[in-house]
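Q: quick one, what's the 3D model for this:
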Amino acid sequence: MSLKQYASFNSYSGADIVASINLNGKNRVFGEIQTLTYSIHREKGQVRALGHTNVKGFTYGPRTIAGSLIFTVFDRHVMDAFKRQMLHDLPDKLTAGNFITDELPPFDITITFANEYGHMSRLAIYGVTIVDEGQTMSVDDMMTENIMSYMARDIELMTAMGDGLWTMGYGR
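A: Below is the predicted model:
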């Protein structure tokens, strides 16, 4: 990356984002996803010395990566295709009638950003495991939403892809 790229300011809207999930080596683009959040929390303890008012330093504890996924519900559960594939691949591990999303093995999420100016970026969340799931349906809402909370093993923060530009097959 050049210094010039760091001097420019580029942004992406929600319409510039494509989310895909890799589960058991199978990729699926999630057009249903409407919100993805993540947060990184790391415990830090204060180190104090007798006779000193101020903190001398900090100890670093474990890190937690977690967030939420919110999907628009159409006519079936958002993980239905993965559920059917897993029931086919692992029939002895899962039961057909009682599959719950927290039974999914860890999966990876890749978010690809591309705006109308040709800039591209990527964010990846690794080892995602679902810890909570719920659904919101109401006479006051236009759509039904499926909400999942997750914890993850690792995250690759948003970075520009290549030189940050795409050319749609045309040379520069």
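
Q: using the three-state scheme, assign the residue at the greatest distance from the centre of the chain.
A: For the chain, the largest distance from the centre (Cα atoms, centre = their mean) belongs to residue 51, which lies 46.0 Å off. Classification of residue 51 using DSSP: H, G, I helix; E, B strand; the rest coil returns coil.

Q: please apply the same query to residue 117.
A: Relying on three-state DSSP, one would call residue 117 coil.

Q: tell me, how many residues neighbour it?
A: 12 (other Cβ atoms under 10 Å). (Each C-beta comes from the backbone N, C-alpha and C, glycine too.)

Q: mind pulling up the pLDDT for it?
A: pLDDT for residue 117: 84.

Q: who's in contact with it?
A: residue 10 (Cβ atoms under 8 Å, 6 or more residues apart in numbering).

Q: so who does residue 61 touch?
A: Residues counted as contacts of residue 61 (Cβ under 8 Å, 6+ apart) are 42-45.

Q: tell me where the protein has strands.
A: Remark: strands assigned in the chain by DSSP state E are 17-23, 26-29, 33-47, 57-73, 107-114, 119-136, 144-152, 154-165.

Q: between those, which one is closest to residue 82.
A: Comparison of the strands of the chain against residue 82 by Cβ to Cβ identifies strand 17-23 as nearest, at 5.3 Å.

Q: so what strands line up beside that closest one?
A: Strand pairing for strand 17-23, using DSSP bridges, gives strand 26-29 (antiparallel), strand 107-114 (antiparallel).

Q: which of the contacts of residue 61 sit farthest apart?
A: Spatial extent of those (Cβ to Cβ) is set by the pair 42 and 45 at 10.8 Å.
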